[in-house]
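S.K.: Structure, please.
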Amino acid sequence: MQTTANVPKKMYEKRWAALALLCTAQFMVIMDTSIIGVALPAIKNDLGYTQSGLQWIFNAYVILFGGILLLGGRLSDLFGARKMFIWGFAILAAASLLAGAAWSPESLNAGRAVQGLGSALIAPAAMTLLMTTFTDPKELGKAFGFWGASAAAGGSAGVFFGGVITEWMDWRWVFYINIPIALLVLSLCKTYLLSGRKTPGKIDWKGAVLATVSLILLVYAIVSAESVGWLSAQTIGMIVIAAILFIAFIILQKTKQNPLLPLYIFKVPNLSAGNIVMGLMAAAWVPLWFFLNLYLQQILHLNAFNSGLALLPMTIMIMVVMIGFTGKLVARFGFKANLLVGLIFLTISLIMFSTVSPNGTFISSVLPASLFAALGMSLAYIPGTMAAISGAKPEETGLASGIVNTSYQIGSALGLAVIVVISSSVTRISVANGVGESQALNEGFKVAFICAAILSVVAIFIAAIKIKQSK
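M.R.: Okay, the predicted model is just below:
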């Protein structure tokens, strides 16, 4: 296979080393969302968090990450993906140092928020670099397999490493661990990564502020609704303000000469439908992962470390299928067929999980359904991403990847927030009716899996009707 005019020969020969750096980026971004879970009790004791305040260690990251992804994608297009990738890692390293050295809840929350900012620059830039480095469809499918597997590995590794670090080292190292990895990546970027295409234009700062504040308010309202109430003045007020700002943003984009989000991009084949499917997929997958962890610890009474080990078969399945088979299957059957099959397997797994018992075991209640879920996500995630960005022009890949990442993050936040409220309500009602605590928790988990299955079914119908077949 010959190199293309868009990829210099020297950089083309280093494309697999470049992929290793990009997968490291994806691994770190996902790991940062899961590694701190096991460390929360130690952090609470050391820094004096309240029980309810602990959620902001997660939320501060998610709010900035989800809120700035769209701007991050646009910056990647305007200034070059490699430059934004480097800036993102530099910010992530500095923020990890701040978080690790935190002396109060406020300082740790600030460090986590800045980590989210760095990740919001890294994620769309990395995907753009991936798309521009691999120009052969077969190699691109294989590269996407490694990319997706690194995300799965990051999620599980976060749980596993978090347990190891907290038990044998110090909780601060769940943040410090990012620093040497980031410095290594930064030292290799200019050697292995393309500089990236730069699109002429200016930054639509008004649009950036409107879109970012709107998204941040929406995510903030979602993640805080469980504690303050979905019908509280705070939640409703923030959602209304977010909606008003978003409408103002859309109006501005129609009249702006160099808009942050050119609305014509939604005419790109599969982009709108692909983003809806990715949002729904996240809204089903993240609650599955969340409630599976709770079932392992609160119903099966595994400790955090053993819960991480229990998720290893799931992670291994995802990595093997994504790396070894997904790319080949997409090349053979197209992304629509694989997306549909993957979503069907994901739905089946959620239906299986909805039958879990308080007297269940790992072998009977968890392992078979978790492997179905892993197979489903392995087949659906990469084709869903490819569907959402495949029609974008080269100079629009940063924007398109920013949109799909935003859809996935907002979908995961919204899906998890809503399903947590429903599950908690079912548990409270069960307790009020005299059901034992373990049984009541289990009933809530079962309903949570059913809700996630419904979202997955909706994703199947949208994918089947709206996404165009591609081979």
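S.K.: Next up, the contacts around the residue nearest to Gly48 when sequence neighbours are not counted.
M.R.: Nearest residue to Gly48, sequence neighbours excluded (Cβ to Cβ, 6 or more residues apart in numbering): Pro105, at 6.8 Å. (C-beta placed from N, C-alpha, C; glycine too.) By Cβ atoms under 8 Å, 6 or more residues apart in numbering, the residues touching Pro105 are Leu47, Gly48, Tyr49, Gly53, Trp56.
S.K.: looking at the protein, which helix or strand is least sure?
M.R.: Here the helix or strand of the chain ranked lowest by mean pLDDT, DSSP states H and E is helix 9-13, holding a mean of 60.
S.K.: For ChimeraX, what selects the buried ones among the contacts of Pro105?
M.R.: Only the buried members of those enter the following ChimeraX selection, criterion being 16 or more other Cβ atoms under 10 Å:
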select :47,49,56
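S.K.: Buried residues, stretch 455-471. List them.
M.R.: Leu455, Ser456, Val457, Val458, Ala459, Ile460, Ile462, Ala463, Ile467, Ser470.
S.K.: Dump those to CSV, plus secondary structure.
M.R.: Below are the buried residues of stretch 455-471 laid out as CSV (DSSP: H, G, I helix; E, B strand; the rest coil):
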residue, secondary structure
Leu455, helix
Ser456, helix
Val457, helix
Val458, helix
Ala459, helix
Ile460, helix
Ile462, helix
Ala463, helix
Ile467, coil
Ser470, coil
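S.K.: Relative to Cys189, how far out is Phe246?
M.R.: To Cys189, Phe246 is 34 Å away according to Cβ to Cβ, to the nearest Å.
S.K.: And Gly118, by the same measure?
M.R.: 14 Å.
S.K.: Would you point out which residue is most central in the chain?
M.R.: Gln409 (5.3 Å; Cα atoms, centre = their mean).
S.K.: And that one, what's its pLDDT?
M.R.: Per-residue confidence (pLDDT) for Gln409: 74.
S.K.: Check Val447 too.
M.R.: 94.
S.K.: I'd assumed Arg428 was in contact with it.
M.R.: No: taking contacts as Cβ atoms under 8 Å, Val447 lies outside contact range of Arg428: 11.9 Å.
S.K.: Neighbour count: the two, which is higher?
M.R.: Set Val447 next to Arg428 and count neighbours by other Cβ atoms under 10 Å: Val447 wins out with 20 against 12.
S.K.: so what's the more buried one up against?
M.R.: Ser354, Ile422, Ser423, Val426.
S.K.: which of the contacts of Pro105 lies closest to Ala17?
M.R.: Using Cβ to Cβ, Trp56 comes nearest to Ala17 of the contacts of Pro105, at 38.0 Å.
S.K.: still on that earlier bit, between all of the buried residues of stretch 455-471, which two are separated the most?
M.R.: Leu455 and Ser470 (24.1 Å).
S.K.: picking up where we left off before, tell me which two of the contacts of Pro105 sit farthest apart.
M.R.: Checking these with Cβ to Cβ, the most distant pair is Gly48 and Trp56, at 13.4 Å.
S.K.: Could you find the closest non-adjacent residue to Tyr49?
M.R.: Nearest to Tyr49 is Pro105, by Cβ to Cβ, 6+ apart, at 5.1 Å.
S.K.: So which bits of stretch 244-259 are buried?
M.R.: Leu245, Phe246, Phe249, Leu252, Gln253, Pro259.
S.K.: Quick check: nearest residue in space to the fourth one, chain neighbours excluded?
M.R.: This means Leu252. Gly207 (5.3 Å).
S.K.: now swap in the first one and tell me
M.R.: If you skip the residues right next to it in sequence, Leu245 has Ser214 as its closest partner in space, 3.9 Å away by Cβ to Cβ, 6+ apart.
S.K.: I figured Thr191 hits Lys14, correct?
M.R.: Yes: counting by Cβ under 8 Å, Thr191 does reach Lys14; the two are 7.4 Å apart.
S.K.: Settle it for me: which of these two has more neighbours?
M.R.: Higher neighbour count among Thr191 and Lys14: Lys14, with 18 against 12, using other Cβ under 10 Å.
S.K.: Can you report how many residues lie near the closest residue to the more buried one other than its chain neighbours?
M.R.: Leaving aside its sequence neighbours, Lys14 sits nearest to Tyr192 (Cβ to Cβ, 6+ apart; 5.0 Å). Neighbour count of Tyr192, defined by other Cβ under 10 Å: 20.
S.K.: quick one: contacts for Tyr192?
M.R.: Met11, Lys14, Ala17, Ala18, Leu21.
S.K.: same question, Met169
M.R.: Applying Cβ under 8 Å, 6+ apart, no residues contact Met169.
S.K.: Need phi/psi at it.
M.R.: Taking degrees, to the nearest 10, you get phi -130, psi -110 for the backbone angles of Met169.
S.K.: That one and Ala42, how far apart?
M.R.: 11 Å.
S.K.: All the helices of the stretch 301-450 of the chain, in order from the start?
M.R.: 304-310, 312-321, 327-333, 335-353, 367-389, 397-432, 437-466 (DSSP state H, counting those that start in this stretch).
S.K.: list the helices and strands the longest one packs on?
M.R.: Packed against helix 397-432, as judged by 3 or more Cβ pairs under 8 Å, 6 or more residues apart in numbering; DSSP states H and E, are the following elements: helix 55-79, helix 105-133, helix 205-228, helix 271-294, helix 367-389, helix 437-466.
S.K.: Now distance to Ala157 too, for these, in CSV please.
M.R.: Shown next, in CSV, are those (distance: least, Cβ to Cβ, whole Å):
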stretch, distance to Ala157
helix 55-79, 17
helix 105-133, 16
helix 205-228, 24
helix 271-294, 13
helix 367-389, 15
helix 437-466, 23
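S.K.: Ok, which of these comes nearest Gly324?
M.R.: helix 367-389 (9.7 Å).
S.K.: who does that closest one touch, helix- and strand-wise?
M.R.: Using 3+ Cβ pairs under 8 Å, 6+ apart: helix 367-389 touches helix 105-133, helix 137-168, helix 271-294, helix 312-321, helix 327-333, helix 335-353, helix 397-432.
S.K.: Redo the ones you listed as a markdown table? Include distance to Gly88.
M.R.: What follows is those, written out as a markdown table (distance: least, Cβ to Cβ, whole Å):
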| stretch | distance to Gly88 |
| --- | --- |
| helix 105-133 | 3 |
| helix 137-168 | 16 |
| helix 271-294 | 21 |
| helix 312-321 | 24 |
| helix 327-333 | 26 |
| helix 335-353 | 27 |
| helix 397-432 | 12 |
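S.K.: lowest-confidence stretch among these?
M.R.: Looking at the helices and strands packed on helix 367-389, the bottom one is helix 137-168 with a mean of 73.
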